[in-house]
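Novice: Need coordinates for the below:
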Amino acid sequence: MNRNKMITGMIACTVVVLLVYMSFHVKSATAATAVAVLKTSGMTCGSCSEKITGALKTVKGVTHTEVDLGGGYVIVGFDAAATTPESLAAQVSKSGYGSTVQKVLTPAQFKEITGRDLGRLAQVGGGCGCCANGGPTKPQ
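Specialist: Just a heads-up that it's a prediction; the model follows:
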């Protein structure tokens, strides 16, 4: 009987530790209250897209990112109470790409213009090798 209590206690402790860990490391799923369209230069491949997306995901309040390599745009869904479009452009610039705020929309305006909800299209990765050394060395 003591062995069962010990196993039950260990399981309970493990669950508590996991819950505490998750409460500090899992982002809450908040909805975007705004959409920033960033004109971004220096992007050439899927690796650039992944680098930009990774940099933006570290910003508190970012809910979605989309990268249009061909058009040179980064579209970011975010919580306007947590960050600003200028901060998002600065984060992209810090990762080695030139970036400025082109436009700020509501999610409803974004849907009206594009005919879709933010984050509905999946990004396709790739790689041309340009980012092997960390991407461009300076914004273009």
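Novice: show me what contacts the residue most central in space within the chain?
Specialist: By Cα atoms, centre = their mean, the chain has its centre lying nearest to residue 57, at 3.0 Å. The contact partners of residue 57, by Cβ atoms under 8 Å, 6 or more residues apart in numbering, come to residue 65. (Each C-beta comes from the backbone N, C-alpha and C, glycine too.)
Novice: helix/strand/coil for residue 59?
Specialist: Secondary structure, DSSP: H, G, I helix; E, B strand; the rest coil: residue 59 is coil.
Novice: Distance of the residue nearest to the centre of the chain relative to residue 79?
Specialist: Separation of residue 57 from residue 79 (Cβ to Cβ, to the nearest Å): 13 Å.
Novice: Same question for residue 62.
Specialist: 8 Å.
Novice: Of those two, give the one with the bigger neighbour count.
Specialist: residue 62 (24 against 16; other Cβ atoms under 10 Å).
Novice: State the pLDDT value of the more buried one.
Specialist: Note on residue 62: pLDDT of 96.
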